[in-house]
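**Q** below: sequence and its predicted model.
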Amino acid sequence: MNVCAWIVTMIVICIIVYIIALLLVDCDLSLAWATKVGKPIDTLCGKVVWITGASSGIGEHIALAFARGGAKLVLSARRLNELERVQSNCLRIGKNLTERDVLVMPMDVTAVDQMEFHFQQVLEHFGKLDILVNNAGRSQRAEWEDIELGVDREMFDLNVFGVVALSRIAVRYFQRKSEGHIVVTSSLAGVKAVPFSGSYTGAKHAIHGYFDALRIEKLASNIAVTLLCPGPVHSNFLAESFTDRAGEKFGQAVEATDRRMTAERCGYLCAVAIANKLEEAWMALFPIIPLYYIFVYYPNITSLFVHYLGARFFLKMRDTKVRKEMRTV
Ligand SMILES: NC(=O)c1ccc[n+]([C@@H]2O[C@H](COP(=O)([O-])OP(=O)(O)OC[C@H]3O[C@@H](n4cnc5c(N)ncnc54)[C@H](OP(=O)(O)O)[C@@H]3O)[C@@H](O)[C@H]2O)c1
């Protein structure tokens, strides 16, 4: 075989391996690699990790994954009883954790004037903070043109301004400490727009803008930024979702049979992404990961997909079935 034929054969083999890998994984290839040969989660043993939205779903399972690895935790959300439940589970499975190592800190992330106070409480308790995981957030189901501006404001107060405000306090502290790690739970909706979640897509795209900018400014420092981008995951998120009306919740539960990643698997993958300081990590069940590779790297093909399959097809892929009809449909 001449050299040219050998090179072409190797390229074809690489492409086939790449496509097969994309069909098998439930996360992007860098994260899949990190789960096999990257730093294990217990390299964060003894680090202080503050997780917002830790009372349920993805945040709860990020906390459990870190507790297994021996990290010290600050658990924040509004529901004290749920935080205490997560705290006792962390202590039960935690590697050498005592009660003092898992701090429950009830907090509403939209109350930005209280954040400095909460931050000082964390420092007083642990003497330091190593990683801030901004996970609290709510999704949305609504037709774009029906959304009241008040919903956009509520969405941004929770999913953007609360995150930016707390992260600014943390980054100023990390700057003084000369190291630290900011993590935000974004969404695949922050990577490429999804239908029937206009304000949510806007908010998660804003997160990518803010935190990609932060990463670039801190490239020369020891301050890392990780954006976690889950696809559909089993949690309370659908019932809690914003609609098109201010103050309203979508109110419908995800069903056990829905095709979504478990919050446990998602929490584990998020913890691996954080331990390996990945810049951006995607996680979702087949066929969403290979589709996202196509959407991001071949945007013209995406337009064809959307044109021929229709927006409702994509909503069905997210929610398994279209539940309550949105108002004007
Ligand atoms: N599930 C999915 O399919 C999915 C997909 C992509 C991205 N995400 C993202 O993942 C993150 C977690 O969502 P999840 O799916 O785990 O849903 P979840 O089970 O409803 O968890 C949301 C968490 O946010 C907290 N929270 C909500 N409003 C808050 C506020 N004002 N102040 C403080 N905490 C607040 C909730 O706690 P309290 O109610 O106790 O305050 C809860 O702990 C969100 O940022 C979401 O956008 C989820």
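**A** Okay, I see it.

**Q** surely Thr262 meets His234?
**A** Yes - when contacts are counted by C-beta atoms under 8 Å, Thr262 is listed as touching His234 (5.5 Å). Where you see a C-beta, it was placed from the backbone N, CA and C, and this is true even at glycine.

**Q** more crowded one of the two?
**A** Taking neighbours as other C-beta atoms under 10 Å, Thr262 and His234 compare with His234 leading, 20 against 13.

**Q** ok, that one - contacts?
**A** With contact taken as C-beta atoms under 8 Å, 6 or more residues apart in numbering, His234 is in contact with 57, 254, 256, 258, 260-263.

**Q** let's see 10 Å
**A** By C-beta atoms under 10 Å, 6 or more residues apart in numbering, the contact list for His234 reads 57-58, 254-256, 258-266.

**Q** try Ile58
**A** The contact partners of Ile58, by C-beta under 10 Å, 6+ apart, come to 51, 133, 135, 137, 185, 228, 230, 233-235, 237, 261, 263-264, 266-267, 269-270, 283.

**Q** kindly recompute the last result at 7 Å.
**A** Contact analysis of Ile58 by C-beta atoms under 7 Å, 6 or more residues apart in numbering lists 135, 185, 230, 233, 235, 263, 266-267, 270.

**Q** regarding Glu84, what is its secondary structure?
**A** Of the three states, Glu84 takes helix under DSSP: H, G, I helix; E, B strand; the rest coil.

**Q** from here on, call the first residue 882.
**A** Sounds good: first residue 882 from here, last item Glu965.

**Q** that one contacts Leu984, correct?
**A** No - Glu965 lies out of contact with Leu984 (C-beta atoms under 7 Å); the separation is 11.5 Å.

**Q** can you get me a residue count around Arg966?
**A** Neighbours of Arg966 (other C-beta under 10 Å): 14.

**Q** repeat that for Tyr1149.
**A** Close neighbours of Tyr1149, defined as other C-beta under 10 Å, add up to 19.

**Q** Asn1016 too?
**A** Asn1016, neighbours per other C-beta under 10 Å, totals 25.

**Q** so what's it scoring on pLDDT?
**A** If you check Asn1016, the pLDDT there is 98.

**Q** do Val1041 as well
**A** For Val1041, the pLDDT comes out at 98.

**Q** distance check, it against the ligand.
**A** 11 Å (C-beta to the nearest ligand atom, to the nearest Å).

**Q** try Tyr1149
**A** According to C-beta to the nearest ligand atom, Tyr1149 and the ligand sit 14 Å apart.

**Q** got the residue ranges for the strands in the stretch 932-1081 of the chain?
**A** Using DSSP state E, counting those that start in this stretch, the strands found in the stretch 932-1081 of the chain span residues 953-957, 983-985, 1012-1015, 1061-1066.

**Q** any chance of those strands in a markdown table with mean neighbour count and distance to the ligand as columns?
**A** A markdown table is the format used below for those (neighbours: other C-beta atoms under 10 Å; distance: least, C-beta to the nearest ligand atom, whole Å):
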| stretch | mean neighbour count | distance to the ligand |
| --- | --- | --- |
| strand 953-957 | 27 | 7 |
| strand 983-985 | 20 | 11 |
| strand 1012-1015 | 27 | 8 |
| strand 1061-1066 | 25 | 4 |
